[in-house]
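*Asks:* I would like the atomic coordinates for the input below:
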Amino acid sequence: MELYLQFGYGMKGITCELSRKWQETYVILSPRDISPLNLANWSGQFRQAGTQCLFDTQCYYPDATSPNLLQYTYWDSSLSEKLLHLSDKGWTKQFLQKVKVYNDKAETTGYILPSIMEPYEDNWEKRFFTRTKNLVEAANEVYQKNKPIFMTLALPAKLLQGREENIEQLMNKLLKLDVEGVYIIAEPPEGQYLVDDPAWVYNILKICAMSKLARKMVIYGYGNHQMLALALTKIDALASGTWLNLRHFTNRFREAEDIKRKSKWVYYPEAFSEYKMAFLDWAYNQGHKDALTPRDKVFMDDSFRKIMKADIQPSQTGFNERDSFIHYLMALHHQVELLRGNSYEEVLAAYEMMLNAARIENERLEKIHVYPETRGFSEIIDVNRAAIEKLNEGYGLPLTMEWKNL
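*Replies:* Numbers count the residues shown, from 1 in each chain. The predicted structure is shown next:
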């Protein structure tokens, strides 16, 4: 599993910087956050920094009103109705031709097909399959076969919280379609950043396992550290970004974003938790300056070192919002590296060790009255453990046997 960057507001510089640090990475471009005029220019700068590009049309809510989205030629007043039904194959091919223009400008390495985040209601599976099948058939006529095609699975929360039998039946049909890859967008229940429903986590693991065992490339979009569990299915990439709305899927497409300066959070990877600067100051003032110093020194990137090496309150060190973003992504990148293994059993053992360490670290910090508030992982540990145990029951054997071929 690799870490891809989910592009968002203000990420141009960070993308180039991280790509140079990592020597190579991928970025999933966001038309909501980059104008058509800048697309080719910025993509060229990304490639110079060692970044390969993909392009997400972001048609999840076709009635979106974000100004940048409205500048793209594939976005018009009929999009909502026509994309929902896709009964006109001629229109579908013309739509995909327009999308291809932007893929060509960005020199993407693959085509991500659009999808709608439709509410989960009666006959949702039938509508979703028909729509996806029509898109795939049209794409295979329009797009060159020298680049992989990814069908997008925009999955509503209620589907993922429902019966796994329904998901299995749908996936068995979808995985027969003529595409090389799957791009998964999962709506969290009630907008949760860290999801507390084991069914939701397990069903995503199941979808990824089925896709990989069907020999599809798999990218999970809008992810965060909770989804490191996907390493157990050997997906190709987990994509994440700076702002919270790039680390879990939300409807951020209806209008221009009002960027508000909020509290700075510091990710402590060995606890899978994030802490406000006020709690770091609190720890410092109580004589626990090194409370969040990681045992694995690779997590001590330049941004994080600002806090840990200075003999003043963390809030006075100059650690800023950009530092917070870079530290999160650097730490996540290293965690992804730690979860690469030569066998399913090796990755499972590594992830279970991470969960056990997170429980110990959260409890240790709570004993000195340092709390992560709304971004704590303590209550998520058992959620993820339940999900991976269920995955192991159903897919542990085939993943073990096929690991080297996935």
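*Asks:* Spatially nearest residue to Gln169 (excluding sequence neighbours)?
*Replies:* Leaving aside its chain neighbours, Gln169 sits nearest to Glu125 (7.3 Å; criterion: Cβ to Cβ, 6 or more residues apart in numbering). Bear in mind the C-beta positions are built from the backbone N, C-alpha and C, glycine included.
*Asks:* Remind me which helix or strand that neighbour belongs to.
*Replies:* Here Glu125 sits within helix 124-142, counting by DSSP states H and E.
*Asks:* So which elements touch the worst-scoring helix or strand of the chain on mean pLDDT?
*Replies:* One helix or strand of the chain scores below all others by mean pLDDT, DSSP states H and E: helix 79-85, with a mean of 82. Helices and strands touching helix 79-85, by 3 or more Cβ pairs under 8 Å, 6 or more residues apart in numbering; DSSP states H and E, are helix 89-106.
*Asks:* Next, the angle from the helix it packs on to helix 124-142.
*Replies:* On the basis of axes from the mean of the first three to the mean of the last three Cα atoms, to 10 degrees, helix 89-106 is oriented at 60 degrees to helix 124-142.
*Asks:* What's the separation between Ala199 and Asn166?
*Replies:* To Asn166, Ala199 is 12 Å away according to Cβ to Cβ, to the nearest Å.
*Asks:* Quick one: residues contacting the residue nearest to Ala214 when sequence neighbours are not counted.
*Replies:* Closest residue to Ala214 apart from its sequence neighbours, by Cβ to Cβ, 6+ apart: Leu175 at 4.2 Å. Leu175 makes contacts with Met210, Ser211, Ala214, Lys216, as judged by Cβ atoms under 8 Å, 6 or more residues apart in numbering.
*Asks:* and the second one, what element?
*Replies:* To tie it back to what came earlier, the one meant is Ser211. In the assignment (DSSP H and E), Ser211 maps to helix 198-213.
*Asks:* Please state the mean pLDDT value computed over that helix.
*Replies:* The pLDDT scores in helix 198-213 average 98.
*Asks:* do the same with stretch 163-176
*Replies:* Stretch 163-176 comes out at a mean pLDDT of 96.
*Asks:* Stretch 368-381 too?
*Replies:* Computed over stretch 368-381, the average pLDDT equals 97.
*Asks:* Sort out which residues of that stretch are buried, please.
*Replies:* Val370, Tyr371, Pro372, Arg375, Gly376, Phe377, Ser378, Ile380, Ile381 (16 or more other Cβ atoms under 10 Å).
*Asks:* same deal with stretch 63-76?
*Replies:* Of the residues in stretch 63-76, those buried (16+ other Cβ under 10 Å) are Ala64, Ser66, Asn68, Leu69, Tyr72, Tyr74, Trp75.
*Asks:* Show me the contact partners of that stretch.
*Replies:* Applying Cβ under 8 Å, 6+ apart, the contact partners of stretch 63-76 are 31-36, 57-58, 79-80, 95, 98-99, 101-102, 252-257.
*Asks:* so how far is Thr65 from the residue nearest to Thr250 when sequence neighbours are not counted?
*Replies:* Once flanking residues are discounted, Thr250 sits nearest to Gly191: 6.2 Å by Cβ to Cβ, 6+ apart. Distance, Gly191 to Thr65, by Cβ to Cβ: 20 Å.
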